[in-house]
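predicted model and sequence follow; I will ask about them next.
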Amino acid sequence: MLILGIESSCDETGVALYDSARGLLAHALHSQIDMHVAYGGVVPELASRDHIRRVLPLTDVVLAEAGVTLNDVDAIACTVGPGLAGALLVGTACANAIAFALNKPVIDVHHLEGHLLSPLLSSNPPEFPFIALLVSGGHTQLMRVDGVGQYQLLGETLDDAAGEAFDKTAKVLGLSYPGGPAVSKIAESGVPNRFKFGRPMMHNGDFDFSFAGLKTAVLTQAKKLQMIAPLTDQDKADIAHAFVESAVDVLTYKAFKALQASGFNRLVIAGGVGANAQLRARLNAMAIKHGFKVFYPELHLCTDNGAMIALAGCLSAQQDPSLLKHQDTFTVRPRWPLYS
Ligand code: ATP
Ligand code: MG
Ligand code: FE
């Protein structure tokens, strides 16, 4: 089964071709970061307009790269939620238009299911079941995954997502958007223990998280220093270091507790923060020490992309063919829990 996948939920336009027998044939991505950077965050209307410009040219790129035509495609998978309504509408309208014109079925894909299954595209894919830590720009969740479509939420953030905390910390430190990679990089030259922030909700015995307080701690510390003098590069690095230590401590501790409680020995990390070097280093060390296995998406597939949507569409349709829909209307779901 050859699936064309289209992702447009936020600020990346991603298109990919995934074949159930041959794997990922091609994927192309356009990130709008350069366009939104001037505003310090994603401007929804600009995002929608840019998706319109990119989605068909990217589709042509992947078809050419894979050496196939739209007629060879068996179904079109697209992200219908959650995300920005206007942005979602572009990819979904495009997918449905292609499907309608060529009499092909569409598969509605949940964006988080795409992230969750993205490690299956790596050269070392996990088997089911596993515990997944989904750490992205909009979500921080621990999930028990027994198979495709079998997801049980164990806990999640009660306020900000981990990625959001990285982005807000970056803003306070005057780093550019999106801040995750920048904060991670300067944290490497930070002096350990010059600052120490709390470990929100770490020992409260559940699998929930909270990152809003950590963000405030960063802001308070920065302001305190700024009352004396403007932040130096070393100040910024030291604050970033303390922030990363705290976030990584909480994320890894709770993920490990969830793994222990499940009795599984496979931990999967997905979402943009899964690209974080400090998080990966800590988890790899814990995995060796405690004898479990940790799986990540390939670095370039941690953030949004079409490949994970094509894959998720393919796997869910294989499992439940009723998801292949011939339809003449469509809708998007900007707010859509994965478990309902
Ligand atoms: P969601 O998937 O929840 O709707 P999203 O699609 O915006 O949100 P992703 O694309 O998965 O989220 O990830 C983007 C987030 O990942 C941003 O917050 C970004 O700062 C963060 N991020 C990316 N790389 C890194 C890194 N190396 N270290 C920390 N955070 C990172
Ligand atoms: Mg993005
Ligand atoms: Fe995402």
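Perfect, thanks for sending it. Residues are numbered from 1 along each chain as shown. Ligands and ions are numbered 1, 2, ... in the order given.

so what's the residue count around T331?
Applying other C-beta atoms under 10 Å, we find 12 residues neighbouring T331. For every residue, glycine as well, the C-beta is placed using N, CA and C.

wait, doesn't it sit right on G81?
No. T331 is beyond contact range of G81, at 9.1 Å (criterion: C-beta atoms under 8 Å).

ok, P181 - contacts?
A275 (C-beta atoms under 8 Å, 6 or more residues apart in numbering).

is there proximity between the helix or strand that contains it and ligand 2?
P181 belongs to helix 180-187 when elements are defined using DSSP states H and E. No. Helix 180-187 does not reach ligand 2 (C-beta under 5 Å from the ion); its nearest approach is 10.0 Å.

wouldn't A26 be in contact with T59 here?
No. Using C-beta under 8 Å as the test, A26 is too far from T59 to be in contact (10.3 Å).

between those two, which has more neighbouring residues?
T59 (24 against 20).

who touches the closest residue to the more buried one other than its chain neighbours in this structure?
Spatially, and ignoring its direct neighbours in sequence, T59 is nearest to V15 (5.1 Å; C-beta to C-beta, 6 or more residues apart in numbering). Counting by C-beta under 8 Å, 6+ apart, V15 makes contact with 4-7, 27-29, 55, 58-59, 61-62, 306.

repeat that for M35.
Shown in contact with M35 (C-beta under 8 Å, 6+ apart): 46, 50.

in contact with the residue most central in space within the chain, which residues?
In the chain, the residue lying closest to the centroid (C-alpha atoms, centre = their mean) is G271, at 2.6 Å. Counting by C-beta under 8 Å, 6+ apart, G271 makes contact with 115, 134-137, 139, 163, 302-303.

ditto for L84
9-10, 42, 44, 47-48, 334.

out of those, which end up buried?
9-10, 42, 44, 47-48 (16 or more other C-beta atoms under 10 Å).

in TSV, list these along with pLDDT and distance to L70.
Conversion of these to TSV gives the following (pLDDT from 0 to 100; distance: C-beta to C-beta, whole Å):
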residue	pLDDT	distance to L70
S9	98	22
C10	98	25
V42	95	30
P44	98	29
A47	98	25
S48	98	23
